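> mind looking at a prediction? Sequence and model below.
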Amino acid sequence: MLRCLPTFRARAARAMSTTPSLVQIEKKDNYAIVRLSRAPVNSLNMELLQAIDEAVQSLEQDKNIKGMILSSTNPKIFSAGLDITEMYQPKTKRLREFWRAFQNTYLRLYTTPLATVAAIEGHSPAGGCLLAMCCDSRVMSLGGPLIGLNETKLGIVAPFWMRDVMVNTIGHRETEKMLGLGLQVNALRGKEIGLIDEAVPVEQVHSVAEKLLLEWLSIPSSARKLTKAMMRDETAQKLRSRLDEDRSNFVDFCETDKVQSALAGYLAALKKKAEAKAAK
Ligand SMILES: CCCCCCCCCCCCC/C=C/C(=O)SCCNC(=O)CCNC(=O)[C@H](O)C(C)(C)COP(=O)(O)OP(=O)(O)OC[C@H]1O[C@@H](n2cnc3c(N)ncnc32)[C@H](O)[C@@H]1OP(=O)(O)O
């Protein structure tokens, strides 16, 4: 028994050192940088969503930490949005748990008392755009990367709470166009419509994100937190009061033949694109 212990410990240590963490947390003086780290494109499967939720919760409980920068270990992709393979040919039980994880992560990030800034170096479609919009400010790199809620282009419909967060960020008319047409925009256009606060060269994204975060943190903390709650709680409450109904809507919608065939087509197009890229 005693001889087993070191072996068990060694195995556990090996497992810990080889299990890649889905979210990396780097603590600075009074804030943390949270980097999404699920190769290749930070698509949000259930485990990554849960890891984000847990990371934010753990930072909320750390008395030294007042804010966070949400970022990615992949400078080309902030997040590819929800993992489409979670929704394609799903098992109903997992699909339900997956959606609850998405609801929870949204509610946590949108209403966290921490000050939050998204440092968006790379693409940020759909669920990636939602994570960014949940933050208090967004800095995005100039050039190629795109951000937006492109759900309609996949033949799916964003839930009401993704719409609400976009309306709160850029207003009703811009949301109508962005959401209805499934548009994604670059940082400059994002700044014009208020989706992005600062559009800067990629090498400045983190320093500007830190500057914005420090501005939020310079506000007396209880005034900042109460104001955030006053601005956001009503929106969050709309989902909190309809969690099960929203989840059932999603599951029913997702399991229809029409949505399944739209997702199959979209996955095939992504695969074809990836193969063409690899062949170059
Ligand atoms: C009556 C109405 C009731 C309504 C009720 C509510 C219903 C709700 C319905 C559901 C709505 C849910 C909301 C959905 C939110 C989403 O987030 S959907 C996801 C949308 N995401 C995308 O469209 C992004 C797709 N990906 C890309 O555009 C590109 O991959 C990229 C992010 C720009 C990166 O490009 P690049 O670097 O060139 O990488 P690729 O070669 O394209 O990809 C690498 C591999 O990654 C796979 N992949 C990419 N994105 C995803 C993804 N989102 N999910 C799963 N997998 C993804 C890609 O296939 C490649 O895989 P391999 O071929 O195996 O390498």
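In hand now; what should we look at?

> would you map the helices across the stretch 101-250 of the chain?
Taking DSSP state H, counting those that start in this stretch, the helices of the stretch 101-250 of the chain run over residues 127-134, 151-154, 160-170, 172-180, 187-193, 205-217, 221-240, 243-254.

> the last one - contacts with which helices or strands?
In terms of contacts (3 or more Cβ pairs under 8 Å, 6 or more residues apart in numbering; DSSP states H and E), helix 243-254 is packed against helix 92-111. No exception for glycine: its C-beta is placed from N, CA and C like everyone else's.

> where does Lys63 sit, in terms of helix or strand?
Here Lys63 sits in a region with no helix or strand, counting by DSSP states H and E.

> could you number the chain from 56 rather than 1 from now on?
Renumbered: residue one is now 56, and that last one reads Lys118.

> quick one on the thing from earlier: any idea which of the helices of the stretch 156-305 of the chain is most buried?
Counting by mean count of other Cβ atoms under 10 Å, helix 182-189 has the highest mean neighbour count of the helices of the stretch 156-305 of the chain, with a mean of 26.

> show me the contact partners of it.
Identification of contacts with helix 182-189 by Cβ atoms under 8 Å, 6 or more residues apart in numbering yields 97, 99, 107, 125, 132-137, 157, 160-161, 164-165, 171, 173, 175, 179, 193, 202-204, 217, 220-221, 224, 239, 250.

> and the nearest residue to Asn241 once chain neighbours are set aside, what are its phi and psi?
Take Asn241 and drop its neighbours on the chain: the residue closest to it by Cβ to Cβ, 6 or more residues apart in numbering is Leu201, 6.0 Å away. When quoted as degrees, to the nearest 10, the phi and psi of Leu201 stand at phi -120, psi 150.

> burial of Ala334, as a residue count?
By the criterion of other Cβ atoms under 10 Å, Ala334 has 6 neighbours.

> could you measure from it over to Lys327?
Separation of Ala334 from Lys327 (Cβ to Cβ, to the nearest Å): 11 Å.

> lowest mean pLDDT across the helices of the stretch 156-305 of the chain, which one is that?
Sorting these by mean pLDDT places helix 206-209 lowest, at a mean of 92.

> mind listing what the residue nearest to Asn241 touches?
Counting by Cβ under 8 Å, 6+ apart, Leu201 touches 178-180, 239-241.

> narrow the residues you listed to those in strands?
179-180 (DSSP state E).

> residue ranges with poor pLDDT in the chain?
Scanning the chain for pLDDT under 70 picks out the ranges 56-74.

> for the spatially most central residue of it, give its distance to Leu318.
The chain has Leu186 as the residue nearest its centroid, 3.0 Å off, counting by Cα atoms, centre = their mean. Per Cβ to Cβ, Leu186 is found 21 Å from Leu318.

> same thing with Pro168?
On the measure of Cβ to Cβ, Pro168 and Leu318 end up 36 Å apart.

> which one's more surrounded, these two?
Leu318 (20 against 15).

> that one contacts Leu209, correct?
Yes: between Leu318 and Leu209 there is a contact under Cβ atoms under 8 Å: 7.0 Å.

> need the overlap of contacts for those two.
Common contacts of Leu318 and Leu209, defined by Cβ under 8 Å, 6+ apart, comprise Ile139.

> with only the CA atoms kept, save stretch 210-220 in PDB.
Output of stretch 210-220 as PDB, limited to C-alpha atoms (Å, rounded to 0.1, in the frame of the first residue of the first chain):
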ATOM      1  CA  GLY A 210     -28.800  28.300 -41.100                       C
ATOM      2  CA  ILE A 211     -29.200  28.700 -37.300                       C
ATOM      3  CA  VAL A 212     -30.700  31.400 -35.200                       C
ATOM      4  CA  ALA A 213     -28.900  33.000 -32.300                       C
ATOM      5  CA  PRO A 214     -30.800  32.800 -29.100                       C
ATOM      6  CA  PHE A 215     -32.600  36.000 -27.700                       C
ATOM      7  CA  TRP A 216     -29.900  36.600 -25.200                       C
ATOM      8  CA  MET A 217     -27.100  36.800 -27.700                       C
ATOM      9  CA  ARG A 218     -29.300  39.300 -29.600                       C
ATOM     10  CA  ASP A 219     -29.900  41.200 -26.400                       C
ATOM     11  CA  VAL A 220     -26.200  41.500 -25.600                       C
END
